[in-house]
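Undergrad: sequence first, then the predicted structure:
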Amino acid sequence: MTIASLPLGGPRDMPLLGFGTWQIQGDAAYDAVSEALRAGYRHLDTATVYGNEAEVGRAIADSGVSRDEIFITTKMPASQPGHERSTLDASLKALGVDAVDLWLIHWPPPAGTSVPMWRALLEARDQGRVHAVGVSNYDLALIDELIAETGQKPAVNQITWGPTLWDAELVAAHRERGIVVEGYSGFRNTDLGDPVLTAIGAAHGVDAARVVLRWHVQHEIVVIPKSVTPERIRNNFDIDGFTLTDDEMGRIDALSK
């Protein structure tokens with residue numbers, strides 16, 4: 001199965017379908033990430049505040065999958081301005097890697113610290129300790145401030161997303177700036193029992209969850225579903241066998257109205 005990817009300027013492109021690890025810790029995180037890698041995921045999303053980087057790293061090391069095949073994202077806590085270097089040191093050590101593929105500012109930090117924190121991420125990128133840098137939960141005004149102050153755009157903005165939050169103008173505004181939109185909590189923000197989704201799923205012989213994931217991918221919105229259930233982990237990766245029609249995509253878009 002082939003998952004399309006988007007270039008960010010680093011050695012590995014960013015797969016549109018990844019595996020999220022929010023609220024999964026300890027052995028459950030190790031087991032879930034191990035299952036995800038066996039299923040074929042090659043994009044893993046973690047964060048300092050998730051408290052599971054070591055388990056993610058151990059699962060990668062034990063998987064037998066080459067590091068060169070895995071796109072790894074982690075995130076800088078907004079609550080720790082001025083501690084960017086030590087935070088990244090800890091993340092790299094926990095993950096067992098020399099560099100991550102994407103490092104995000106997890107949330108907008110306190111007033112007056114966003115630009116300095118952004119400069120620290122840029123420095124880490126220039127040093128080769130991360131391959132691309134971005135933000136999460138930023139609005140366009142905050143993004144434009146970073147660009148105006150540094151001349152450097154985030155590669156990615158990771159935001160809460162799903163069919164009911166579809167906003168074509170917001171996506172277009174990011175793309176005009178050359179920024180990839182990555183969505184999280186796609187299921188949390190969606191009624192998977194919605195008749196539109198279940199009818200489309202029935203037409204393709206898949207569940208509504210896979211319809212939502214396929215919708216993201218066809219819009220070239222990166223999506224990172226999470227689960228600790230092996231069957232769901234495998235099913236969520238199995239979205240390559242069908243394509244949504246333009247009409248179906250439009251009907252799903254309309255759930256935001």
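TA: Received the coordinates, thanks. Remember, it's a predicted structure, so these values are computed and weren't measured experimentally. Residues are numbered from 1 along each chain as shown.

Undergrad: neighbours around Ile143, how many?
TA: If you count neighbours by other C-beta atoms under 10 Å, Ile143 ends up with 22. Just so you know, the C-beta spots here come from the backbone N, C-alpha and C atoms, and that holds for glycine as well.

Undergrad: and it, what are its phi and psi?
TA: phi -60, psi -40 (degrees, to the nearest 10).

Undergrad: quick check: it vs Thr113, distance?
TA: Per C-beta to C-beta, to the nearest Å, Ile143 is found 16 Å from Thr113.

Undergrad: chain neighbours aside, what residue packs nearest to the residue located most distally from the centre of the chain?
TA: The C-alpha centroid of the chain is most remote from Ala203, which lies 28.2 Å away (C-alpha atoms, centre = their mean). Sequence neighbours aside, Glu248 is the residue nearest to Ala203 in space, at 7.8 Å (criterion: C-beta to C-beta, 6 or more residues apart in numbering).

Undergrad: residues in contact with Val156?
TA: Counting by C-beta atoms under 8 Å, 6 or more residues apart in numbering, Val156 makes contact with Leu8, Met14, Leu102, Leu104, Ala132, Gly134, Val135, Ile179, Val180, Val181, Glu182, Val222.

Undergrad: same question but for Ile70, I mixed them up
TA: Ile70 neighbours (C-beta under 8 Å, 6+ apart): Arg12, Leu37, Arg42, His43, Leu44, Ile60.

Undergrad: surely Arg234 and Ala32 touch.
TA: No: assessed by C-beta atoms under 8 Å, Arg234 is found out of contact with Ala32, at 11.5 Å.

Undergrad: those two: which is more packed in?
TA: Ala32 (25 against 16).

Undergrad: quick one, grab the pLDDT at the residue nearest to Thr190 when sequence neighbours are not counted.
TA: Distances taken as C-beta to C-beta, 6+ apart put Gly162 closest to Thr190, at 4.6 Å, once the chain neighbours are dropped. On the pLDDT scale, Gly162 is placed at 98.

Undergrad: hey, where'd the helices end up in this structure?
TA: Residue ranges of the helices in the chain, as given by DSSP state H, are 26-39, 53-63, 84-95, 114-126, 140-150, 168-176, 195-204, 208-218, 230-237, 246-253.

Undergrad: for the ones you listed, which one sits closest to Arg188?
TA: helix 208-218 (10.9 Å; C-beta to C-beta).

Undergrad: and the contacts of the closest one?
TA: Outside of helix 208-218, the residues within contact range by C-beta under 8 Å, 6+ apart are 3-4, 16-17, 161-163, 183, 186-187, 190, 192-194, 197-198, 200-201, 204, 206, 222-223, 225, 232, 235-236, 238-239, 242-244, 249, 252.

Undergrad: number of nearby residues for Ser66?
TA: 9.

Undergrad: no no, His106
TA: Neighbours of His106 (other C-beta under 10 Å): 21.

Undergrad: just list the residues touching it, thanks.
TA: Applying C-beta under 8 Å, 6+ apart to His106 gives the contacts Ala47, Thr48, Val49, Lys75, Met76, Pro77, Ala78, Ser136, Asn137.

Undergrad: show me the residues you listed that map onto strands.
TA: Secondary structure defined by DSSP state E assigns Lys75, Met76, Ser136 of those to strands.
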